[in-house]
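In: Model the following, please.
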Amino acid sequence: MKPRILVIGGLAAGPSAVSKAKRVNPNAEVTLFERGEYVSYGICEIPYYIGNVVTNPDLLISYTPQKLEQAKGVKVKILHNVEEIIPRKKKILVRDLNKNKVSEYSYDKLIIATGSCPRLLGLKGEEGRNVFPVKTLEQGYSIKQFIEQEKPKKAVIIGGGYIGMEMAEALTKNNIQTTLLHRGELPMSGLEQVSREAVKETLMSHGITFVPKVKVREFRSDSTGRVTEILANTGSYPADLLVLSLGVEPNTELAVGAKINVGARGGILTDQRQATNIDTIFAAGDCCEVKNLVNNRRMYIPLATTASKQGWVAGENAAGGSTVFKGVIRAIAVQVFDLEVAHVGLSAKEAEDSGMDIVTEHIVGNSKIGFFPGNEQVHIVLIADKRSKRLVGANVFGKGGATLRANTLGVAIQQRLTVDEVAQLDLIYSPPYAPLWDPVLVAANQLKKKFSKK
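Out: Okay, the predicted model is just below:
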């Protein structure tokens, strides 16, 4: 009998899981269920589609359901919502949203890849027709259509994280006057102070009104269901378009209903094989917590790179293979207008909360030879543990050459290099690409000096 592998969720982890499962066991009967209309697309690309950087919407989709079926030899059922997992019977209940009919499907192995849900404020009017989270391709299409048809003049973004930054630029490129409301003093709370200040300055220099320390109290709507005004402790903000960028949380309702263990951050707990506490059930992607390799603690890190890797592991093991996913350091970047901002490893606060005695260094270097055309300043912030002298985190920002240098530092962190070992890295010197002493080396050498201080 052919083994039956069912996968719930079709964004990043799910398609990776079905592809890998079928490759490992070509005889397996592999089926993916997705409650939406689309599978295998990039959420990170959506702001660039809205901002007209990507003009062809078809490019956002890696695989259509039909292409995924043909290329990978799996079954794809879109507009099918899984309503319940019954582990004792090894069955799931699925509603066909077109027919409004519920059917049972049996499995030998099940992979949960239900992703995440956008955080909401829970205020009346949040469901207004000009109010949009930026979490799905459908929402991206809706925002684009709304801008083209309604031609909004004023927009408000609530939330100053990564998506908030990207949407601020996207709306500005559509000639929409944009105000960004944020609960903190500075945007992008996971970064270090100097990085956050640079992001704020960049936003304001490009015409974004940044309002800190905001607590939203009320949405006021007109008779057509449009939110027209946002009331907060800091004032009143008129809007034709409202974007909710409040972050995400694990979508674990199905898992919890099946008595699958979740962690302190709400995500599904798995071992290195992506197996849950219930035999025959695996989980992968944004619905899961993940081990941070820097401090060996579980964290919630909803990134497509992590989800896809976990999906591969879950798919291989569900199909009878044996592989592991050890964890991540967290490597993430964002473009804020002309500023590249990258974060790898732990923040200073996270390192301190992990029990480390930290030391930090901030340097400003050249992206190329100083007199070379196109040279820009690159800022590097390093975070190290005094006791082990190990590099545990870094921020890199600048107008050019920042993100790829963060990749170098990310490798150093993952390989548990000391600051002295980072300072001895053999990095490229070439006038169009890097100076004789790359900013990475300058930062590490400056940080080394602090270890010898009493």
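In: what sits up against whatever helix or strand Arg23 lives in?
Out: Arg23 belongs to helix 13-24 when assigned by DSSP states H and E. Outside helix 13-24, the residues within contact range by CB atoms under 8 Å, 6 or more residues apart in numbering are 5, 7-8, 28, 30-32, 34, 39-40, 62-63, 68, 72-74, 111, 113, 115, 282, 284-286, 307-316, 318-321. (Glycine included, C-beta is placed from N, CA and C.)
In: Let's see which of those end up in strands.
Out: Among the contacts of helix 13-24, the ones falling in strands (DSSP state E) are Ile5, Val7, Ile8, Val30, Thr31, Leu32, Glu34, Ile111, Phe282.
In: ranking these by neighbours, who comes first?
Out: When neighbours are counted by other CB atoms under 10 Å, Val7 leads these with 33 neighbours.
In: Test my guess that it contacts Lys109.
Out: No - with contact defined as CB atoms under 8 Å, Val7 does not reach Lys109; the gap is 9.4 Å.
In: quick one on the thing from earlier: check the ones in strands among the contacts of helix 13-24 and tell me the two furthest apart.
Out: Across the ones in strands among the contacts of helix 13-24, the two members that end up farthest from each other (CB to CB) are Glu34 and Phe282, 17.3 Å apart.
In: on contacts alone, who are the packing partners of the helix or strand hosting Gly393?
Out: Following DSSP H and E, one finds Gly393 within strand 390-398. Using 3 or more CB pairs under 8 Å, 6 or more residues apart in numbering; DSSP states H and E as the contact test, the elements touching strand 390-398 are helix 193-205, strand 339-345, helix 348-353, strand 377-385, helix 403-414, helix 419-423.
In: Look up how far Thr360 lies from Ala348.
Out: For Ala348, the distance to Thr360 under the criterion CB to CB, to the nearest Å works out to 6 Å.
In: on that earlier part again, can you tell me which of the contacts of helix 13-24 are buried?
Out: Using 16 or more other CB atoms under 10 Å as the burial test, the contacts of helix 13-24 include 5, 7-8, 28, 30-32, 34, 39-40, 63, 68, 72, 74, 111, 113, 115, 282, 284-286, 307-316, 318-319, 321 as buried.
In: Can you flag which of those belong to helices?
Out: When those are checked against helices (DSSP state H), the matches are 68, 72, 307-316, 318.
In: From Pro212, how far off is the residue sitting nearest the centre point of the chain?
Out: By CA atoms, centre = their mean, the chain has its centre lying nearest to Leu303, at 3.5 Å. Distance, Leu303 to Pro212, using CB to CB: 26 Å.
In: In stretch 218-232, which residues are buried?
Out: Within stretch 218-232, the residues that qualify as buried by neighbour count (16+ other CB under 10 Å) are Phe219, Ser221, Arg226, Val227, Thr228, Glu229, Ile230, Ala232.
In: So of these, which two are at opposite extremes in space?
Out: Among the buried residues of stretch 218-232, the pair separated by the greatest distance (CB to CB) is Arg226 and Ala232, which sit 18.3 Å apart.
In: Neighbours of the nearest residue to Ile143 once chain neighbours are set aside, how many?
Out: The shortest distance from Ile143 to any non-neighbouring residue, by CB to CB, 6 or more residues apart in numbering, is to Phe132 (5.0 Å). Here the count is done by other CB under 10 Å, and Phe132 has 20 residues near it.
In: Tell me which residues touch Phe132, please.
Out: Taking CB under 8 Å, 6+ apart, we find Phe132 in contact with Gln139, Ser142, Ile143, Phe146, Leu241, Leu242, Val243, Leu244.
In: what does Asn98 give?
Out: Applying CB under 8 Å, 6+ apart, we find Asn98 in contact with Leu79.
In: now it: how far from Ile92?
Out: Distance of Asn98 to Ile92, computed by CB to CB: 18 Å.
In: one step back: is it true that the residue nearest to the centre of the chain touches Ile329?
Out: No - under the contact definition of CB under 8 Å, Leu303 does not touch Ile329, with a separation of 11.2 Å.
In: in which helix or strand would I find the closest residue to Arg196 other than its chain neighbours?
Out: Among residues not flanking Arg196 along the chain, Leu186 sits closest, at 3.8 Å (CB to CB, 6+ apart). Mapping Leu186 onto the secondary structure by DSSP H and E places it in no helix or strand at all.
In: How much space separates Leu186 from Ala198?
Out: The span separating Leu186 from Ala198 equals 10 Å under the rule CB to CB.
In: ok, those two, which is more surrounded?
Out: Here Leu186 and Ala198 are set side by side on neighbour count (other CB under 10 Å), and the busier one is Ala198, at 21 against 17.
In: Looks like the more buried one contacts Gln377 (just checking).
Out: No - with contacts counted by CB under 8 Å, Ala198 stays clear of Gln377, the gap being 10.4 Å.
In: quick one on the thing from earlier: so what sits against both of Ala348 and Thr360?
Out: Glu192, Ile383.
In: Which residue ranges of the stretch 201-350 of the chain form helices?
Out: Ranges of helices in the stretch 201-350 of the chain, per DSSP state H, counting those that start in this stretch, are 253-257, 304-318, 348-353.
In: Moving C-terminal from the last one, which element do we reach first?
Out: From helix 348-353 onward toward the C-terminus, using DSSP H and E, the following helix or strand is strand 358-366.
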